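Peer 1: okay, predicted coordinates and the sequence, questions at the end:
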Amino acid sequence: MAKTRFGLWYDFRNPGPDAPPFEALYGDILDQIVEAENIGFDSVWMTEHHFVEDGYTPSPLVLAAAIGARTRRMHIGTNLMVLPIHNPIRVAEDAATLAILTNGRFDLGVSIGYREEEFEAFDRNIKHRPSLMEEAVEVIRRAWTGEPINFEGKRFSYGPIAVSPVPASPPRILIGGMGPPAIDRVARIGDGFLSTAGIGHDLYIEALEKNGRDPDAGAIIAGNWAIIADDPEAEMHKLAPYILHQTNCYIRWGVFGPDAQEFTSVEDAVANGFYELWDADKAVEEISGLLSAYPQIEDVHFWAQFPGEPVTSGTRRMRYIAEKVLPRLR
């Protein structure tokens, strides 16, 4: 367990008529991340979506650079970027620059995406997601060698161009997914698995072996949806509007399948969604069991706050985890 990092997860969303200016929110979150590093958190992760009314961040690499400038040791990553809508050379250059700025503290986490409006806006065909994804990963890897890319595929074609500068420690390419085909792709071409709520760990280990890779050398970066507080049920009720906003947005986007209905109560959202309710003792028990079952887990990170939740509220929960949970896991 000593090697496992524990971190925070951000989407920078800011819904509601009383939402603070984004300038204030971003500044407060950056201050929160600095405090998180000072009280023992090891990593910070950003996710990405586009054209969301509440400001779900479309620019995680820009935020990663700001975080890198404010922190000293925290590992920084994306969990995750929608790679098929991006130009892979541009991503390779930006991620390489981040790795240089942070002295190797950055990893690039990506996935295939699922919102059709994002693909349409960036002039991509959502039916081409698998080939866009796999070719982009290959192009990015070649770009980070500093050698001519020389790639000819179905979606991308590059001649003898070379990306410069390249970092001394290139980022790993971590890949997310929940279904068997997606997890098989992770095992084939990824440097590690971005998991959500513990889904797919067993499939990833099996897929590594099936694809001729050593399961013991696998890497799992575990996004955790637990609400950890001294009284987690009371915390759930305080967070009710923010939890419902988060969950119901994902339902509308199709994460839970085409026929999923939006939740009307926070109790239903927690019982039937990704969330868990843990106090410190339960968190230590559950996370210890997870790490014992899957020693491939390198990082466990928690939502720092929910969409619309005041930063001060998320900070209070963050401090509880740092004081009551992390020392016992280490």
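Peer 2: Perfect, thanks for sending it.
Peer 1: helices along the stretch 101-250 of the chain, start to end?
Peer 2: 116-121, 129-143, 180-189, 201-210, 232-238, 240-253 (DSSP state H, counting those that start in this stretch).
Peer 1: can you list those in JSON lines and add distance to residue 77, mean neighbour count and mean pLDDT?
Peer 2: Just so you know, the C-beta spots here come from the backbone N, C-alpha and C atoms, and that holds for glycine as well. As requested, these are exported to JSON lines (distance: least, C-beta to C-beta, whole Å; neighbours: other C-beta atoms under 10 Å; pLDDT from 0 to 100):
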{"stretch": "helix 116-121", "distance to residue 77": "21", "mean neighbour count": "15", "mean pLDDT": "98"}
{"stretch": "helix 129-143", "distance to residue 77": "15", "mean neighbour count": "21", "mean pLDDT": "98"}
{"stretch": "helix 180-189", "distance to residue 77": "15", "mean neighbour count": "19", "mean pLDDT": "98"}
{"stretch": "helix 201-210", "distance to residue 77": "17", "mean neighbour count": "18", "mean pLDDT": "98"}
{"stretch": "helix 232-238", "distance to residue 77": "26", "mean neighbour count": "15", "mean pLDDT": "98"}
{"stretch": "helix 240-253", "distance to residue 77": "20", "mean neighbour count": "19", "mean pLDDT": "97"}
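Peer 1: which one of those lies nearest to residue 31?
Peer 2: In terms of C-beta to C-beta, the element of these nearest to residue 31 is helix 240-253, at 20.0 Å.
Peer 1: what bits of the stretch 51-200 of the chain have low per-residue confidence?
Peer 2: Within the stretch 51-200 of the chain, no stretch has pLDDT under 70.
Peer 1: out of the helices of the stretch 101-250 of the chain, which is closest to residue 216?
Peer 2: Comparing the helices of the stretch 101-250 of the chain by C-beta to C-beta, helix 201-210 comes nearest, at 8.9 Å.
Peer 1: got a list of contacts for the closest one?
Peer 2: 180, 183-184, 186-188, 193, 195, 214-215, 217-218, 220, 222, 293-294, 296-297 (C-beta atoms under 8 Å, 6 or more residues apart in numbering).
Peer 1: repeat for stretch 308-324
Peer 2: So stretch 308-324 is contacted by 6, 8, 13-16, 19, 25, 28-29, 32, 35-36, 39-41, 54, 227-230, 235, 238-239, 241-242, 245, 280, 283, 302, 304-306 (C-beta under 8 Å, 6+ apart).
Peer 1: once you drop chain neighbours, what's closest to the residue nearest the centre of the chain?
Peer 2: The centroid of the chain falls nearest to residue 79 when counting by C-alpha atoms, centre = their mean (1.7 Å). Nearest residue to residue 79, sequence neighbours excluded (C-beta to C-beta, 6 or more residues apart in numbering): residue 45, at 4.1 Å.
Peer 1: CA atoms of stretch 292-308 as PDB?
Peer 2: The C-alpha coordinates for stretch 292-308 follow below in PDB (Å, rounded to 0.1, in the frame of the first residue of the first chain):
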ATOM      1  CA  SER A 292      -5.200  -6.100  -1.400                       C
ATOM      2  CA  ALA A 293      -7.400  -7.600  -4.200                       C
ATOM      3  CA  TYR A 294      -5.800  -5.500  -6.900                       C
ATOM      4  CA  PRO A 295      -2.200  -4.600  -6.200                       C
ATOM      5  CA  GLN A 296      -2.100  -3.100  -9.600                       C
ATOM      6  CA  ILE A 297      -3.900   0.000  -8.200                       C
ATOM      7  CA  GLU A 298      -1.400   2.900  -8.200                       C
ATOM      8  CA  ASP A 299      -3.800   5.700  -7.400                       C
ATOM      9  CA  VAL A 300      -7.200   6.200  -5.700                       C
ATOM     10  CA  HIS A 301      -8.800   9.600  -6.100                       C
ATOM     11  CA  PHE A 302     -12.100  11.100  -4.900                       C
ATOM     12  CA  TRP A 303     -14.300  13.900  -6.200                       C
ATOM     13  CA  ALA A 304     -13.100  17.000  -4.400                       C
ATOM     14  CA  GLN A 305     -16.500  18.500  -4.600                       C
ATOM     15  CA  PHE A 306     -19.700  18.000  -6.500                       C
ATOM     16  CA  PRO A 307     -21.100  20.400  -9.200                       C
ATOM     17  CA  GLY A 308     -22.300  23.500  -7.400                       C
END
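Peer 1: now that stretch: mean pLDDT?
Peer 2: For stretch 292-308, mean pLDDT rounds to 98.
Peer 1: give me the phi and psi for the closest residue to residue 150 other than its chain neighbours.
Peer 2: The shortest distance from residue 150 to any residue other than its chain neighbours is 5.6 Å, reached at residue 160 (C-beta to C-beta, 6+ apart). Residue 160 has phi and psi values of phi -80, psi 50 when expressed as degrees, to the nearest 10.
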